[in-house]
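Undergrad: structure for the following, please:
(one chain, ligands or ions: 1)
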Amino acid sequence: MQTIQAATYPIHFQQKGYQNLEKLLTQKKYSTLFILVDENTKQLCYPRFLKHLNTLLSIKIIEIKSGEIHKNLETCVTVWNKITDFGGDRKSLLITLGGGVITDLGGFVASCFKRGIDFINIPTTLLSMVDASVGGKTGVDLGVLKNQIGVFANPQMVIIDEGYLETLATRELTSGMAEIIKHGLIYDAKLFNQIKVFKEQNTNSLIHRSIEIKNEVVLQDPKEKNLRKILNFGHTLGHAIESLYLESDEKENLTHGEAIAIGMICESYISSKLLNFSLQKLAEVRETILSIFPKIILQKTDFPTIVDLLKHDKKNVNGNVNFVLLYDLEDYKIDCKVSQELIIESLLYYNS
Ligand code: GLY
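TA: Numbers count the residues shown, from 1 in each chain. Sure, this is the predicted structure:
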């Protein structure tokens, strides 16, 4: 697969990634190699990574607990302490080996440690391959509020090795499909049509195209001043729903993709009401998403909490909630205001 060039770093695929990693380790003369993993990626992915790693550098593994619940500043402090205890310095390199929590948190840890050390992302989930590991967003949650603390910081390289996907449970693999669907809806109708006939064992070309799209958008607007906001399609309501489940003791957490899938159906509905997104396409979006994701019935009693959680969305300006909506596939409008009534109506549409 063809390497994709981001602003300051390459995104390599498979073997080429490991070959270029070896070159980089020689060129940059790093002092220590830190590998950030969680208990799952340490057991399931680290052995595969080690097989491809050829270096005489001292390697230190730092393990954190898996799960969004641990994507916080407390975990960062633990990692900073470990790097310090292991004698990390400004010539240390941090390799993140894991899903979105590991790549987001690891990138943030690296970019703050001694005002910034190099890091490399090796995403091991579909979600982190097509979204989190590319584009320079790093950070952690603040309580249940997603990604409230963070910085833009680019890795030295991203390595996409689809072999890691074999370690994933189906629910995790499916989660990443939400971002691929999003890229299709906002940017490439052909990709969306491919997803309609998606087979689980046939993800490689979807992954490559999806990363290309994300990269094209980020190259034009790295700091999300304008165009990059389109990558938030489905995420305004999706993040609020994800937070609702995260903060509830009775509800089982949703995967990021499950929440974004609901968000995309609701926001397509809102698009049909405000921007004349065609009813036929709305039905296609709903049908495609529900052929991949389970239908989760939202409790009406939770609607006010969802609306309330929207107040914390990072795209808000002057207290206004801003949505990305669709006129059509590949045709969007950013910074759309939506009434509370229509938001509730869209949640009812999803449930219907
Ligand atoms: N996940 C959206 C973005 O990277 O902008």
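
Undergrad: report the closest residue of the stretch 1-150 of the chain relative to the ligand.
TA: Closest residue of the stretch 1-150 of the chain to the ligand, C-beta to the nearest ligand atom: Gly135 (4.2 Å). To be clear about C-beta, it is placed using only N, CA and C from the backbone, and glycine gets the same treatment.

Undergrad: and if you look at the chain?
TA: Nearest residue of the chain to the ligand: Leu231, at 3.8 Å (C-beta to the nearest ligand atom).

Undergrad: would you verify that that residue is located in a helix?
TA: Yes: assessed by DSSP: H, G, I helix; E, B strand; the rest coil, Leu231 belongs to a helix.

Undergrad: burial of the residue found closest to it once you drop the neighbours it is linked to in the chain, as a residue count?
TA: Residue nearest to Leu231 in three dimensions, not counting chain neighbours: Val217, with 6.0 Å by C-beta to C-beta, 6 or more residues apart in numbering. For Val217, the tally of surrounding residues (other C-beta atoms under 10 Å) stands at 20.

Undergrad: ok, now which ones touch Val217?
TA: Tyr187, Leu227, Arg228, Ile230, Leu231 (C-beta atoms under 8 Å, 6 or more residues apart in numbering).

Undergrad: remind me which residues of the stretch 251-352 of the chain are low pLDDT?
TA: Applying pLDDT under 70 to the stretch 251-352 of the chain picks out residues 314, 316, 318.

Undergrad: what of the stretch 51-200 of the chain?
TA: Ranges of the stretch 51-200 of the chain meeting pLDDT under 70: 198-200.

Undergrad: how many residues are close by the residue nearest to Tyr164 when sequence neighbours are not counted?
TA: Distances taken as C-beta to C-beta, 6+ apart place Thr124 nearest to Tyr164, at 3.8 Å, with adjacent residues excluded. Counted with other C-beta under 10 Å, the neighbours of Thr124 add up to 31.

Undergrad: ditto for Ser352
TA: Ser352: 7 neighbours (other C-beta under 10 Å).

Undergrad: swap in Ser339?
TA: Under the neighbour criterion other C-beta under 10 Å, Ser339 is assigned a count of 11.

Undergrad: try Arg115
TA: Using other C-beta under 10 Å, the number of residues around Arg115 comes to 7.

Undergrad: now swap in Ser92 and tell me
TA: Neighbours of Ser92 using other C-beta under 10 Å come to 23.

Undergrad: Ile35 is in contact with that one, correct?
TA: No: contact criterion C-beta atoms under 8 Å: Ser92 and Ile35 do not qualify, at 11.3 Å.

Undergrad: chain neighbours aside, what residue packs nearest to the most centrally placed residue in the chain?
TA: Centroid-nearest residue in the chain, with C-alpha atoms, centre = their mean: Ala132, separated by 3.5 Å. Nearest residue to Ala132, sequence neighbours excluded (C-beta to C-beta, 6+ apart): Gly100, at 3.7 Å.

Undergrad: before we move on, the earlier item: quick one: the residue nearest to Tyr164 from Gln43, how far?
TA: 12 Å (C-beta to C-beta, to the nearest Å).

Undergrad: next: Leu231.
TA: Using C-beta to C-beta, Leu231 is found at 32 Å from Gln43.

Undergrad: and for Thr103?
TA: Per C-beta to C-beta, Thr103 is found 18 Å from Gln43.

Undergrad: which of the two has more neighbours?
TA: Thr103 (31 against 12).

Undergrad: what residues are up against the more buried one?
TA: Thr96, Asn121, Pro123, Ser128, Ala132, Ser133, Thr138 are the contacts of Thr103 under C-beta under 8 Å, 6+ apart.
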